[in-house]
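In: need coordinates for the below:
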Amino acid sequence: MSIRENIQAVSEQIADEIANTPPSQTALYVHKLATNAILGGPEDWVTYMKMFAKTPEELARLIPLEPDPEDPSEREKLRSARAYLAANGMCTEMTTPHMDLRVTDDLNVPQQ
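Out: Residues are numbered from 1 along each chain as shown. Down below sits the predicted model:
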């Protein structure tokens with residue numbers, strides 16, 4: 001599974017809850033964690049990003065623990081995708097099912 005697929009799984013869970021048992025408790029939880037990630041400290045950021053990481057390598061990419069690429073355009077893509085992932089989590093259940101908006105495959109862990 002990729003980081004994008006992990007994000008999509010959370011989005012699909014929210015969409016399913018909205019369709020079947022509104023309001024979406026997952027959307028409310030994501031909103032709370034995203035707020036904390038943006039306004040809190042590093043621990044809050046890690047807690048939020050753990051929702052979208054299934055492996056230590058994925059979490060290292062989202063936090064980030066690994067060094068950013070030296071190429072400035074690649075570095076900016078990663079920074080932007082991380083920021084959008086946090087910002088998209090702020091949305092209400094009306095828009096949270098689209099958490100992957102502006103979050104590109106650049107976040108995925110490169111295959112060896």
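In: M90 and V109, how far apart?
Out: With distances taken as C-beta to C-beta, to the nearest Å, M90 is found 25 Å from V109. Every residue, glycine included, has its C-beta placed from N, CA and C.
In: enumerate every residue touching L59.
Out: Contacts for L59 were tallied using C-beta atoms under 8 Å, 6 or more residues apart in numbering; they are V46, M49, K50, A53, L65.
In: so the spatially closest residue to the fourth one that is not a sequence neighbour: helix, strand or coil?
Out: Spatial nearest neighbour of A53, excluding adjacent residues (C-beta to C-beta, 6 or more residues apart in numbering): L59 at 3.7 Å. Applying DSSP: H, G, I helix; E, B strand; the rest coil to L59 yields a three-state assignment of helix.
In: for the residue nearest in space to the middle of the chain, what are its contacts?
Out: The C-alpha lying nearest the average C-alpha coordinate of the chain belongs to L85 (C-alpha atoms, centre = their mean; 4.1 Å). Contact partners of L85, counting by C-beta under 8 Å, 6+ apart, are I7, M49, F52, L62, M99, V103, L107.
In: also W45?
Out: A37, I63, A86.
In: where in this structure is pLDDT low?
Out: 94-98, 102, 104, 111-112 (pLDDT under 70).
In: show me where it has helices.
Out: Assigned by DSSP state H, the chain shows helices spanning 3-20, 25-39, 42-49, 56-62, 72-89.
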